[in-house]
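> Structure for the following, please:
(chains A and B)
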Protein chains: 2
Amino acid sequence: MSYLSQITSPTLLLDEKICRNNLKKMALKAKFQGKKLVPHFKTSQSHEVGEWAKEYGITEITVSSIKMAEYFCGHGWENIHIAFPFNPLETKKLSELAKNQSLSVQLINEAVTEKLAKDLDYPVGFFIEIDAGYGRTGVEVSDFGLIEAILRKAKSTDKLRFKGFYLHPGHTYYTADKAKIYEESLAALNMLKNKYSTEYPKLVTRLGDTPGCSVMEDFGDVDEIGPGNFVFYDMMQVNLGSCKREDVAVALAVPVVDIKKERKEILIHGGGVHLAKDVLMEPDGSKNFGEVVILNENGWSIPFGRSYLKSISQEHGIIKASDELLAQVKVGDLLGILPVHSCMTADCMGGYLSLNGEKIDHAESI
Amino acid sequence: MSYLSQITSPTLLLDEKICRNNLKKMALKAKFQGKKLVPHFKTSQSHEVGEWAKEYGITEITVSSIKMAEYFCGHGWENIHIAFPFNPLETKKLSELAKNQSLSVQLINEAVTEKLAKDLDYPVGFFIEIDAGYGRTGVEVSDFGLIEAILRKAKSTDKLRFKGFYLHPGHTYYTADKAKIYEESLAALNMLKNKYSTEYPKLVTRLGDTPGCSVMEDFGDVDEIGPGNFVFYDMMQVNLGSCKREDVAVALAVPVVDIKKERKEILIHGGGVHLAKDVLMEPDGSKNFGEVVILNENGWSIPFGRSYLKSISQEHGIIKASDELLAQVKVGDLLGILPVHSCMTADCMGGYLSLNGEKIDHAESI
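Residues are numbered from 1 along each chain as shown, chains lettered A, B, ... in the order given. Below you'll find the model as predicted:
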């Protein structure tokens, strides 16, 4: 019996074959260049995807909250890195988890370093997050005063172990010239490594973002890469040139509830609570909340003529449909939607259905 | 011990007093005009809020999916209306639920009417949804052919009971002249009522949207009103003029993890997975993902100088902070964020904390 016969409401499909291929390609690319791949698991948030990743030599992962770290604790990871400026209100929780799991956090100010130095009962690693132009978080690359203040506070305890410098060049999402961003990011990390490696000979540098890691062929002298979204990819990454539509590993299966042929519109049950509201702009200025694929017993296929979600509300989605799609679809059918931002869609849905009709776990489903 | 001492990570606060006041005001307004208030519970999705609503004379509710209807079944509601063009794949589920709970659905085409007529085992009410200019869903107001085709199919069974016409004038969200939209919507519903009330003497008309129901003082001849968001309100409604900031009943409590005084920025743990990504535009063209309030032991207060979330990603939020806020906040503090779209934030968070420190249920938390 096909997985399709199980679906009566919006359901997030995960194609294991595509997902494994994405993992394998990135793992091989990292290996070829002698870099350690530490993927960011905020995208899948799934033990099962974690088991697949282990098959490609991945031994450490990154997460974005202590809640997510807790979910992955005790599942055989050599280290779990929480890539978020540490929230000092969660110090007790961190200390509890660190008793039985190797963990690392990100530090960007003295206040939190001091709090951890004072209150941790078990050792935790830390990266100093560096901002080399993205402007979201991190210590500015030239702010040696702050870097050294953090290192000094950390030295006051044996519970904080400096691992190195972490840089998320998120501006690759907004800038065409990703090579230039990588050049600057790598230069920043190299400079810091040279400056501090006498005192900390084991320090490593880590750089991670899917657009950059997907298109760059040379990661220079960085030690580790940490992209996240590549495991599923999505329409935003297709638009950025990180991947092809065929590489997107998840699709939201949605029921067709009405068709307005004269307007070339198809109404689906599938909206913001399922897909999230990330949006792309079409060349004509209209919005695109996800792209239609045709579901079949083996997964999905990409139609010749494009159809996409032109608007969504909490539960409604309206597809701007191609003539090809209008000719074949009827009320009660299921369609697939390749999401604009798969991390957010997976978080909204809190679980997956495999193409074998089996449930796949997500941290939000526990 | 204050509720604040329980919070270490992003937590959605619900102020019962404000929420009850919103319910009470709308209930009195409806009563004064002799209209039945059937609120849309996709906003709170909460049994506890439902119990509060009952105290103001509310006996029926609306939901937006069968999953949400299932959550509310058996909790003493005289009827639960599923205000979404019915998804025929869920016919079996609907029939099961209808065994023990009075339910109604929305119909807008023949295909689904036929499916229900054929497969329902227990009676279900239905509204025909009318589109009088919003353009999202519904039968066009002048499409009597389609209205009559639906009524004809429904007559072929005793399991489908026609309740009347439902109209969601969602374009009040985008149009300054809400009075004009109401005039047109009421005229459409009156025309339909006059046309079909000979054959269906008990038919009712229902109109519902928060901006309109909040600002209009005269609902004309409509029988029932069905707003949803008013129970919590949010910054979008403040911007639309539906309410004041003081009427917003929910705030996301978020930990401060870093402060960049020179840039006037505060970094919080609180992003798209907590607030959703609905956005308002500031007059200067910058984005606003939620507005800062100051938390205290009794709830929150609105600061004199405005501070707001200027950007968010999956877990990060960056506040553009007033000097007043910068002068008082430190790393490790909690701030409150009034959401742009409270229905979506509540759905993301899947639960509330009361100002007494008690958990309040949400459909997503089961």
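
> what lines up beside the longest strand belonging to chain A in the sheet?
Ranked by residue count and defined by DSSP state E, the top strand of chain A is strand A:250-260. Note on strand A:250-260: by DSSP bridges, its sheet partners are strand A:11-14 (antiparallel), strand A:265-269 (antiparallel), strand A:334-339 (antiparallel).

> average pLDDT for that strand?
Averaged across strand A:250-260, pLDDT comes to 97.

> Break down the stretch 251-366 of chain A into its helices, ranges please.
Remark: helices assigned in the stretch 251-366 of chain A by DSSP state H, counting those that start in this stretch are A:272-275, A:323-328, A:342-349.

> Let's have those helices in a markdown table, adding mean neighbour count.
The C-beta positions use only the backbone N, C-alpha and C, and glycine is treated the same way. Formatted as a markdown table, these follow (neighbours: other C-beta atoms under 10 Å in any protein chain shown):
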| stretch | mean neighbour count |
| --- | --- |
| helix A:272-275 | 25 |
| helix A:323-328 | 14 |
| helix A:342-349 | 26 |
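
> coming back round to it: okay if I get the strands paired with strand A:250-260 as TSV plus mean neighbour count?
Converted to TSV, these look like this (neighbours: other C-beta under 10 Å):
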stretch	mean neighbour count
strand A:11-14	24
strand A:265-269	24
strand A:334-339	25
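
> Adding mean pLDDT and distance to B:V222, write these out as JSON lines.
Putting the strands paired with strand A:250-260 into JSON lines (pLDDT from 0 to 100; distance: least, C-beta to C-beta, whole Å) gives the following:
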{"stretch": "strand A:11-14", "mean pLDDT": "98", "distance to B:V222": "37"}
{"stretch": "strand A:265-269", "mean pLDDT": "98", "distance to B:V222": "25"}
{"stretch": "strand A:334-339", "mean pLDDT": "98", "distance to B:V222": "35"}
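
> picking up where we left off before, for A:E110, which of the helices of the stretch 251-366 of chain A is the nearest?
helix A:342-349 (31.0 Å; C-beta to C-beta).

> In a helix, A:E246, correct?
Yes - remark: A:E246 belongs to a helix, assigned using DSSP: H, G, I helix; E, B strand; the rest coil.

> Check it and give its pLDDT.
Value listed for A:E246 in the pLDDT field: 98.

> now A:A27
Model confidence at A:A27 (pLDDT) stands at 98.

> That one: helix or strand, and which one exactly?
Secondary structure from DSSP states H and E places A:A27 in helix A:16-32.

> Moving C-terminal from the helix of greatest length in chain A, which element do we reach first?
Criterion DSSP state H: the longest helix present in chain A is helix A:178-196. Following helix A:178-196 in sequence order, the next helix or strand is strand A:204-207 (DSSP H and E).

> Need the residues that contact that next one.
A:36, A:38, A:127, A:163-169, A:182, A:185-186, A:189-190, A:192-193, A:219, A:221-226 (C-beta atoms under 8 Å, 6 or more residues apart in numbering or on different chains).

> one more time with 7 Å
When contacts are defined by C-beta atoms under 7 Å, 6 or more residues apart in numbering or on different chains, strand A:204-207 is touched by residues A:38, A:127, A:163-167, A:169, A:185, A:189, A:193, A:222-226.

> and those residues, which two are the farthest apart?
Largest pairwise distance in those, by C-beta to C-beta, is 18.9 Å, between A:K163 and A:P169.

> one step back: now render the helices of the stretch 251-366 of chain A as JSON lines, adding mean pLDDT and distance to B:V248.
What follows is the helices of the stretch 251-366 of chain A, written out as JSON lines (pLDDT from 0 to 100; distance: least, C-beta to C-beta, whole Å):
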{"stretch": "helix A:272-275", "mean pLDDT": "97", "distance to B:V248": "19"}
{"stretch": "helix A:323-328", "mean pLDDT": "97", "distance to B:V248": "41"}
{"stretch": "helix A:342-349", "mean pLDDT": "97", "distance to B:V248": "23"}
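
> Looking at those, which is nearest to A:F304?
Of these, nearest to A:F304 by C-beta to C-beta is helix A:323-328, at 6.4 Å.

> How about that closest one and chain B, touching?
No - using C-beta under 7 Å from any C-beta of the partner chain, helix A:323-328 never reaches chain B; the gap is at least 14.8 Å.

> where does chain A come near chain B, residue by residue?
So chain A meets chain B at A:8-9, A:42, A:64-65, A:67, A:84-90, A:93, A:108-109, A:111-112, A:136-137, A:255, A:257-258, A:267, A:269, A:272-273, A:276-278, A:314-316, A:318, A:331-332, A:343-344, A:347 (C-beta under 7 Å from any C-beta).

> tell me the contacts of the closest residue to A:K287 other than its chain neighbours?
Spatial nearest neighbour of A:K287, chain neighbours left out: A:V279 (5.0 Å); criterion: C-beta to C-beta, 6 or more residues apart in numbering or on different chains. Residues near A:V279 by C-beta under 7 Å, 6+ apart: A:287-289, A:340.

> Any of those residues buried? List them.
Buried members of those, scored by 16 or more other C-beta atoms under 10 Å in any protein chain shown, are A:287-289, A:340.

> out of those, what pair is the most spread apart?
Checking these with C-beta to C-beta, the most distant pair is A:K287 and A:V340, at 9.8 Å.

> Check the burial of the residue nearest to A:S322 when sequence neighbours are not counted by counting its neighbours.
Setting aside the residues directly before and after it, A:S322 is nearest to A:G305 in space (C-beta to C-beta, 6+ apart), at 3.3 Å. Using other C-beta atoms under 10 Å in any protein chain shown, A:G305 has 11 neighbouring residues.

> And A:G305, what's its pLDDT?
Value for A:G305, per-residue pLDDT: 92.

> got it, and A:I366?
pLDDT for A:I366: 68.

> try A:Y71
pLDDT at A:Y71 comes out at 97.

> For the helix or strand where it lies, what is the distance to the chain centroid?
A:Y71 belongs to helix A:66-72 when assigned by DSSP H and E. A distance of 15 Å separates the C-alpha centroid of helix A:66-72 from that of its chain, computed with C-alpha atoms, centre = their mean, to the nearest Å.

> How about stretch A:119-128?
Worked out by C-alpha atoms, centre = their mean, stretch A:119-128 lies 24 Å from the chain centre.

> and if you look at stretch A:158-171?
Using C-alpha atoms, centre = their mean, the offset of stretch A:158-171 from its chain centre is 18 Å.

> Residues touching that stretch, excluding its own?
A:83, A:104, A:106, A:116-117, A:120, A:122-130, A:132-134, A:136, A:151, A:154, A:181, A:185, A:188-189, A:192, A:200, A:203-209, A:212.

> returning to what we had before: alpha carbons of the longest helix of chain A, in PDB - could you do that?
Provided in PDB are the C-alpha atoms of helix A:178-196 (Å, rounded to 0.1, in the frame of the first residue of the first chain):
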ATOM      1  CA  LYS A 178      29.900  34.400  -2.000                       C
ATOM      2  CA  ALA A 179      33.600  33.900  -2.900                       C
ATOM      3  CA  LYS A 180      34.400  37.300  -1.500                       C
ATOM      4  CA  ILE A 181      32.600  36.600   1.700                       C
ATOM      5  CA  TYR A 182      34.500  33.400   2.100                       C
ATOM      6  CA  GLU A 183      37.800  35.100   1.400                       C
ATOM      7  CA  GLU A 184      37.100  37.600   4.200                       C
ATOM      8  CA  SER A 185      35.700  35.000   6.600                       C
ATOM      9  CA  LEU A 186      38.700  32.700   6.100                       C
ATOM     10  CA  ALA A 187      41.100  35.600   6.400                       C
ATOM     11  CA  ALA A 188      39.500  36.600   9.700                       C
ATOM     12  CA  LEU A 189      39.600  33.000  11.100                       C
ATOM     13  CA  ASN A 190      43.200  32.500   9.900                       C
ATOM     14  CA  MET A 191      44.300  35.700  11.500                       C
ATOM     15  CA  LEU A 192      42.700  34.700  14.800                       C
ATOM     16  CA  LYS A 193      44.200  31.200  14.700                       C
ATOM     17  CA  ASN A 194      47.700  32.600  14.100                       C
ATOM     18  CA  LYS A 195      47.300  35.000  16.900                       C
ATOM     19  CA  TYR A 196      46.100  32.600  19.500                       C
END
